[in-house]
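Novice: I would like to see how this sequence folds:
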Amino acid sequence: MGIIDRVKEDFYQRICTEHILVLTSLDVDALCACKILQSLFKADDVQHTLVPVAGKSDLQSAFADHADQVKSVVLVNCGGCLNLLELLQPEEDVRFYLIDSHRPLELDNVYNQDQVNIVMREGEVLEVPDFDDLYASDVESDGGYDDEYFSDSESGPQSKRRKTDGESSYEARRRRHLWKRKREEIMYKYYEFNNHGTAASLVIYELAWKMTRNSNDILWWAIIALTEQLLHEKIDRERYVTDMHQLQPDVIRHNRSEDETTSAVNTMRITFDNELRMVLYRHWTLYDSLCNSEYTACKLKVWTMKGHKKLLEFLADMGLPLSQCKQKFSAMEVQYRENLKQWIDDRARKYGLDDVTYGSFIAQFGYKHKLCASDMVYCATALIESPERPFSEAFLNALDALSRNNMSKVQAGLEIAKQQQTAIVAQVRNFIDTHQVVCTGPFIYAYVEEGTPSVKYFSKPMTLCKLARFLRESWIISNKRAKDLPFILSAPLNVSEGTCLIAGIPPHSEDTHRSEFTRAFQHAADRIQARANFNHFDGSVIEMKMEDRGKFFDALTALSAF
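Specialist: Numbers count the residues shown, from 1 in each chain. Down below sits the predicted model:
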């Protein structure tokens with residue numbers, strides 16, 4: 001297998017003397033990984049070209065545009081689930097380095113030892129089938145007979161062939177048939193679920209650590225990527241805590257207490273702290289954050305009269321005047337700001353908010369700016385999926401926002417994030433009020449209608465998935481049995497072309513965050529011959545003609561693939 005876990009020797013030192021093409025997907029983890037790579041490349045004067053790609057077609061065109069200029073291609077969170085050699089048709093001297101958190105990886109990539117290399121964190125185990133179970137050349141070469149010769153009838157060409165070839169050929173065909181059936185079972189099991197492995201940024205961070213270049217900035221970017229995996233439900237809480245604990249020693253080492261005496265406007269200090277599951281509350285009003293955060297809004301059911309009353313009671317119980325809660329957090333009186341976490345934690349159980357905090361990291365930039373890792377996730381997501389910019393420009397703009405000297409772009413991203421979150425909550429309330437969520441039996445689904453206010457946000461995959469998770473959580477509050485069902489959400493993509501975006505998310509009760517939608521979507525689309533485009537690197541997000549959407553959902557129901 002072409003797996004590299006010595007990232008410094010077998011990856012970086014091989015490519016650092018060449019011109020490198022870096023192809024990256026449009027997500028926060030890939031964004032942070034590229035930022036770390038750029039930092040390393042800059043220090044070593046490594047020439048590189050960075051190209052963001054939104055899907056398979058962009059990947060093909062980007063490689064074709066640069067194929068004659070490069071011999072080393074680094075793919076960040078893209079291409080791992082595709083047969084790269086078949087898709088890109090590269091020359092034999094081109095080498096690909098995959099740093100991809102998507103699982104399962106395409107087996108043709110894993111077992112290609114000549115041109116494709118899987119870059120992983122040291123000690124990480126990639127669970128793949130045994131090579132001999134998939135590519136047993138001795139079995140495939142035994143006569144090459146098709147399964148048509150396996151017939152219960154003793155008449156016709158099959159019977160004559162058996163008599164001619166003798167018992168040994170029959171046994172060879174039988175062995176090949178059994179091997180083929182076993183191979184199909186192994187392949188089905190391997191590709192059955194989609195999930196995520198170690199964040200690409202953590203792999204690159206390990207490289208920086210081994211090169212003794214893991215600065216506070218690089219550490220912060222790795223933290224942001226890990227936080228994104230948790231917030232976007234790519235990993236479970238246990239995996240998050242494990243990876244977080246591995247970063248904590250570096251946080252302590254880079255941010256010792258004696259450094260406080262050298263604080264200045266251009267310094268950054270990272271600290272560990274329990275963080276509230278409330279969206280951007282430091283950059284919003286406390287009231288708006290409580291109403292627009294998935295966890296608190298759903299637990300309190302703030303879209304109902306009773307839930308809103310409970311929210312006001314919660315604030316009163318903490319002794320927080322409503323006038324203070326409805327002004328910017330930074331403008332609240334000091335005693336309220338400093339004691340907020342403790343007050344919420346003390347009363348959380350009483351109001352059903354048992355899991356309102358989680359361990360995270362906070363960065364203090366000089367004397368003024370203070371950002372939690374989740375703030376940067378919301379900011380970067382908003383900038384990447386800005387509806388006002390082409391995706392390539394939006395990605396590069398988000399990349400700039402990760403630099404500590406670009407706080408103006410961070411502030412702009414936070415404002416877009418608040419607009420996105422407000423649009424999500426308004427749409428969730430609309431779904432609930434109009435009873436548009438449908439339970440078919442094997443899954444739950446809903447449509448965002450054309451002409452819906454703020455629909456421009458929901459034509460982006462990450463934002464659509466955020467809306468789906470929020471809607472799922474709000475719906476199962478009143479429908480407890482639905483927590484075991486996956487959720488599918490569709491939104492208009494291009495009205496003039498009559499296309500829509502469809503995203504699927506696992507059930508609320510699925511702790512491992514595994515998704516079966518890649519296989520199910522493919523089977524349903526094939527069954528009705530839908531005009532579907534499986535262009536996204538995440539197989540649980542597809543594009544489709546709106547005319548085929550109804551038949552597609554009927555096919556999914558009939559398949560009962562969940």
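Novice: okay, strands next: where are they in the stretch 251-400 of the chain?
Specialist: With DSSP state E, counting those that start in this stretch, the ranges of strands along the stretch 251-400 of the chain come out as 268-276, 357-365, 369-372.
Novice: partner strands of the first one and their direction?
Specialist: Right, strand 268-276. Each strand paired with strand 268-276, and its direction, by DSSP bridges: strand 357-365 (antiparallel).
Novice: can you give me the buried ones in the strand it pairs with?
Specialist: 357-358, 360-365 (16 or more other C-beta atoms under 10 Å). From N, CA and C alone the C-beta is placed, and that goes for glycine too.
Novice: again with stretch 231-244
Specialist: 231-236, 239-240, 243-244.
Novice: OK, contacts around Ile528?
Specialist: Going by C-beta atoms under 8 Å, 6 or more residues apart in numbering, Ile528 touches 548, 551-552, 554-555.
Novice: derive a PyMOL selection command for the buried subset of these.
Specialist: Filtering the contacts of Ile528 down to the buried ones (16+ other C-beta under 10 Å) takes a single PyMOL command:
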select buried, resi 548+552+555
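Novice: where are the low-confidence patches of the stretch 201-350 of the chain?
Specialist: Applying pLDDT under 70 to the stretch 201-350 of the chain flags residues 257-266.
Novice: what ranges does it have for its helices?
Specialist: 216-231, 237-254, 286-292, 294-300, 305-317, 322-325, 334-347 (DSSP state H, counting those that start in this stretch).
Novice: just the CA atoms of the first one, as PDB, please.
Specialist: Think helix 216-231. Only the C-alpha atoms of helix 216-231 are listed here, as PDB (Å, rounded to 0.1, in the frame of the first residue of the first chain):
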ATOM      1  CA  ASN A 216       1.100  29.400  18.000                       C
ATOM      2  CA  ASP A 217      -0.500  30.400  14.700                       C
ATOM      3  CA  ILE A 218      -0.100  26.900  13.200                       C
ATOM      4  CA  LEU A 219      -1.400  25.400  16.400                       C
ATOM      5  CA  TRP A 220      -4.500  27.700  16.300                       C
ATOM      6  CA  TRP A 221      -5.300  26.600  12.700                       C
ATOM      7  CA  ALA A 222      -5.200  23.000  13.700                       C
ATOM      8  CA  ILE A 223      -7.500  23.700  16.700                       C
ATOM      9  CA  ILE A 224     -10.000  25.400  14.300                       C
ATOM     10  CA  ALA A 225     -10.000  22.400  12.000                       C
ATOM     11  CA  LEU A 226     -10.600  20.000  14.900                       C
ATOM     12  CA  THR A 227     -13.400  22.100  16.200                       C
ATOM     13  CA  GLU A 228     -15.000  22.200  12.700                       C
ATOM     14  CA  GLN A 229     -15.100  18.400  12.700                       C
ATOM     15  CA  LEU A 230     -17.000  18.400  16.000                       C
ATOM     16  CA  LEU A 231     -19.500  21.200  15.100                       C
END
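Novice: mind giving me the packing neighbours of that helix?
Specialist: On a contact count with 3 or more C-beta pairs under 8 Å, 6 or more residues apart in numbering; DSSP states H and E, helix 216-231 meets helix 28-43, helix 200-210, helix 237-254, strand 268-276, strand 357-365, helix 373-384.
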